[in-house]
Every structure is written in C-alpha cells, then in structure tokens.
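**Student:** let me see the structure of the following:
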Amino acid sequence: MMRIVGVSKKHPIHPDDKSPAERNTAMTWAQRLKRVFRIDIETCEKCQGPVRIIACIEDQELIRRILEHLKNKEPDESQVQSPPGRAPPQIGLFDAT
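**Tutor:** Reported below is the predicted structural model:
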C-alpha cells in the first residue's frame, strides 16, 4: 500500500498543478502587463536593474486630474519651434572638370 503525505489542494507540489483561477490570482498586475502587452515595468529601461513599484493609483478622478495636468503642461503648437532650415546641396558648385 502506497501512502502520499503532504499533498493538499492548497499547496500543490508543482506549479502546473494549480487551477487556472489559482494561477491568475497569483499574478500581479505588473506581471499581467508583461504577459499580455509585453510591457515590463519591473525592469529599468536604462540600466536593466529591478524597479520597485511604490504606488498604484486606481481612483478614476485622480487619474483624470493628473492626465489633464500633464496635458496642460504640453507646449502649444505655436510655441514649438522647428529646427532651422537648411539650404539644398550645391551640386556643381565645385565642378572638378
């Protein structure tokens, strides 16, 4: 007779033994962004080091106010200056004939 000790539904031996609901609830929203949209917010783009998430804003009104504030800080089209123009190349000016 074989007896299995220590196996329970709450603590599966292998990660694949978890139900789909258990696997999804264990995933953080940062992991979901990475999995679904391939956005890795846990790794620094500049140094490739780990990034620590210190806040999560979920209040819709606060999010709207922050985005509106950032939108108002963008320069107007009239304030944006184009780089100075450049004359076309002078072909034939220095003809080596």
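**Student:** what about the one residue sitting closest to the centre of the chain, distance to Leu70?
**Tutor:** The C-alpha lying nearest the average C-alpha coordinate of the chain belongs to Ile39 (Cα atoms, centre = their mean; 3.7 Å). Counting by Cβ to Cβ, to the nearest Å, the gap from Ile39 to Leu70 is 19 Å. No exception for glycine: its C-beta is placed from N, CA and C like everyone else's.
**Student:** ok, back up a step: what about the residue nearest to the centre of the chain, which SS state?
**Tutor:** coil (DSSP: H, G, I helix; E, B strand; the rest coil).
**Student:** so it makes contact with Leu33?
**Tutor:** Yes: Ile39 is in contact with Leu33 according to Cβ atoms under 8 Å; the separation is 4.5 Å.
**Student:** check contacts around the residue nearest to the centre of the chain.
**Tutor:** Shown here is Ile39, whose contacts under the criterion Cβ atoms under 8 Å, 6 or more residues apart in numbering are Leu33.
**Student:** distance check, it against Gly85.
**Tutor:** Distance of Ile39 to Gly85, given as Cβ to Cβ: 38 Å.
**Student:** show the average pLDDT along the lengthiest helix in the chain.
**Tutor:** Of all the segments of type helix in the chain, defined by DSSP state H, the longest one is helix 60-73. Over the span of helix 60-73, the pLDDT mean works out to 93.
**Student:** neighbours around Ile41, how many?
**Tutor:** 13 (other Cβ atoms under 10 Å).
**Student:** name the helix or strand for the closest residue to it other than its chain neighbours, please.
**Tutor:** For Ile41, ignoring the flanking residues on the chain, the nearest one in space by Cβ to Cβ, 6 or more residues apart in numbering is Ala30 at 5.4 Å. Mapping Ala30 onto the secondary structure by DSSP states H and E places it in helix 29-37.
**Student:** may I have that helix exported as PDB, CA atoms only?
**Tutor:** Written as PDB, here are the backbone C-alpha positions of helix 29-37 (Å, rounded to 0.1, in the frame of the first residue of the first chain):
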ATOM      1  CA  TRP A  29      -0.900  43.400 -12.400                       C
ATOM      2  CA  ALA A  30       2.700  44.200 -13.400                       C
ATOM      3  CA  GLN A  31       3.100  40.500 -14.400                       C
ATOM      4  CA  ARG A  32      -0.100  40.700 -16.400                       C
ATOM      5  CA  LEU A  33       1.100  43.800 -18.300                       C
ATOM      6  CA  LYS A  34       4.300  42.000 -19.200                       C
ATOM      7  CA  ARG A  35       2.400  38.800 -20.200                       C
ATOM      8  CA  VAL A  36      -0.400  40.400 -22.200                       C
ATOM      9  CA  PHE A  37       1.200  43.600 -23.700                       C
END
